[in-house]
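>>> dropping the sequence and predicted coords here.
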Amino acid sequence: MYGDGRFYYSYARSLALQGDLDIKDELTHAFSPQDNNTQSDKEESFTGYPVQSLGPSLFWAPVLYVSNHLALRLGLLSNGFSDIYQISVGLFSIALSALAFHRLGKLLSKKLKSITVFLTLILVWAGTNLFFYTAIDTINTHFFSFSLSVFALCEYLEKKQPSLLLTGLLTGLALQNRQLDILFHLGLFAAYFISHLRIADLIKYTSFILLASLPQLLVWNFQFSSPLPPMAGEGFWRFSPFSILSIFFDLPQGLLFTAPIMLIASLLILFKTKSKYIYFSSISFVLFIILIGFWWSPLGGAAYGPRFLITFYPIFTLVVSSRLKLLHTRSLMIFALIFVTLSLLNTLYFLYVSP
């Protein structure tokens, strides 16, 4: 566990072991494999609360609660940071990602052959940086971004009358996971709403968003005396068109090198004929790209590939699958094998060679 993952984990630990969301104690912990697994008195100085949100911490907290009881029963170190806690949270993240892929596969299977669905999912998972964020760096927010997007997309596309309770809650969770993720969910709702134009639907949807995001708003209000985090200062609001180009073509971190199939999909979603959901998703995507173009690092800082875009991978999968189904099965297998092999080699390079 490292980087921003420490903050999301800290909220989960505080809630599970202390019954609150004040993470001051967790922030003074010296995060390292050695200090995590010893009864260490080493502490870091508290420098203030982070702007990072709750992320998936509300879902990790029950896992940590159970892990704590197991640690006590088994006589293991029960400090909330040791391996049993982190492994449990990581396995939960992997399990939720697997469930999301299962749901996405069921959606694709309505129009594609089983072998095409399987190869498409393998290509999207192991042929992109999604493998890294759902199998390796799992104590983070990106597996959750992907999962929430999948569940929302399936709800809208599989039902004539999607549950506004579910989609509203998913949107609220997306807001407290990574704030810009809400653009994808709002795009899906806009596609639904434009076809029905019922004000009651808008009120219901908005109400459930506020309900799901209430814990985050309360935490921010406690930390910063404002329902919104400080979003100003160095690194913010410095737009550059070259930042947007780096998202796609940066060497070696752009989509072209870390998720080439998603680069193809991102172009298809902008320039090919679209359903209403894909059309509004493309608008959300353009807005998303422009906004992260203001960030100091549109690629996501110390990241493997443009991790922020993972939110849009489910709709990208839908778009690119419509082209992959045109390939002969043998050709698709070769295509997937090449992309997956290159992606896995690139992942190994990032993990063990890249500075």
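Ah, there it is.

>>> and S32, how many neighbours does it have?
Residues within reach of S32, counting by other Cβ atoms under 10 Å, total 14. Quick note: C-beta positions are derived from backbone N, CA and C, even for glycine.

>>> low-confidence ranges, the stretch 201-350 of the chain, go.
Applying pLDDT under 70 to the stretch 201-350 of the chain flags the ranges 231-238, 272-273.

>>> chain center to stretch 328-345: distance?
Taking Cα atoms, centre = their mean, to the nearest Å, one finds the center of stretch 328-345 at 25 Å from the center of the full chain.

>>> can we start the residue count at 30 from this point?
All set: I'll call the first residue 30, so the last point we hit is now stretch 357-374.

>>> could you list the buried residues of that stretch?
Residues 361, 364-365, 368-369, 372 are the ones in stretch 357-374 that count as buried (16 or more other Cβ atoms under 10 Å).

>>> and the closest residue to V118 other than its chain neighbours, what element?
If the residues on either side of it in the chain are set aside, V118 comes closest to W89, at 4.9 Å by Cβ to Cβ, 6 or more residues apart in numbering. If you go by DSSP states H and E, W89 is part of helix 86-103.

>>> right, and the helix or strand after that helix?
Assigned by DSSP H and E, the successor of helix 86-103 is helix 112-137.

>>> and the helix or strand just after that following helix, what does it pack against?
Counting by DSSP H and E, the element after helix 112-137 in chain order, helix or strand, is helix 143-155. Judged by 3 or more Cβ pairs under 8 Å, 6 or more residues apart in numbering; DSSP states H and E, helix 143-155 is in contact with helix 112-137, helix 159-164, helix 289-300, helix 342-353, helix 358-381.

>>> what lies in contact with stretch 218-233?
By Cβ atoms under 8 Å, 6 or more residues apart in numbering, the residues outside stretch 218-233 that reach it are 185, 191, 193-194, 196-197, 200, 234, 305-306, 308-310, 312.

>>> please disregard the earlier target; I meant stretch 47-57.
Looking at what lies outside stretch 47-57 - Cβ under 8 Å, 6+ apart - the contacts are 35-36, 38-40, 42-44, 72-75, 78-79, 83, 244, 248, 251.

>>> can you give me the buried ones in that stretch?
50-52, 54-56.

>>> circling back to that earlier point, the residue nearest to V118 reaches Q115, doesn't it?
No: with contact defined as Cβ atoms under 8 Å, W89 does not count as touching Q115 (10.2 Å).

>>> which of these two has more neighbours?
Shown here are W89 and Q115; by other Cβ under 10 Å, W89 has more neighbours (27 against 21).

>>> pull the contacting residues for the more buried one.
37-38, 41, 45, 118, 121.

>>> if we go to 7 Å?
41, 118, 121 (Cβ atoms under 7 Å, 6 or more residues apart in numbering).
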